[in-house]
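Asker: build me a model:
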Amino acid sequence: MIQALAVLGADSADQLAWIDKHNVVTDELALEFDDAFRLMADLHQEEFLDAEALGKLQLLGEMSGRENAERWSREALATDAGWRQVRTLARDLLVGLQGDWRLPLPEIHVVR
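Answerer: Residues are numbered from 1 along each chain as shown. The predicted model follows:
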């Protein structure tokens, strides 16, 4: 979860560099978080992050769908108000958990 939050909380330029480094699309930002979120729910890790805090990041779900396709462009990472809100929420959670939001972005291994 910390790694997924680190990616969501990173500056847009760092997010784009991470996307380019791993040769993935913008959607991968949300997919990484969704995978971690589901794992935590399965393991009942409420003590790690409370339901209210995680619920706030459900904004990513509200940003999905065909009608919001433009929000998932590379340009939108820097300009979209929803992405700014996601970044702020992820940073707040990281500060509460780690004491800082500026963490190294994780390596990923995408199976193609």
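Asker: residue 56 and residue 18, how far apart?
Answerer: To residue 18, residue 56 is 22 Å away according to C-beta to C-beta, to the nearest Å. For the C-beta atoms, the positions are set from N, CA and C on the backbone; glycine is no exception.
Asker: ok, residue 59 next?
Answerer: If you go by C-beta to C-beta, the gap between residue 59 and residue 18 works out to 20 Å.
Asker: more neighbours: the two, which one.
Answerer: Just comparing residue 59 and residue 18: by other C-beta atoms under 10 Å the higher neighbour count belongs to residue 18, 20 against 14.
Asker: pLDDT at the closest residue to that one other than its chain neighbours, what is it?
Answerer: Excluding its sequence neighbours, the residue lying closest to residue 18 (C-beta to C-beta, 6 or more residues apart in numbering) is residue 105, at 4.9 Å. On pLDDT, residue 105 comes in at 93.
Asker: wait, residue 105 sits on residue 11?
Answerer: No: here residue 105 does not reach residue 11: they are 10.5 Å apart, not a contact under C-beta atoms under 8 Å.
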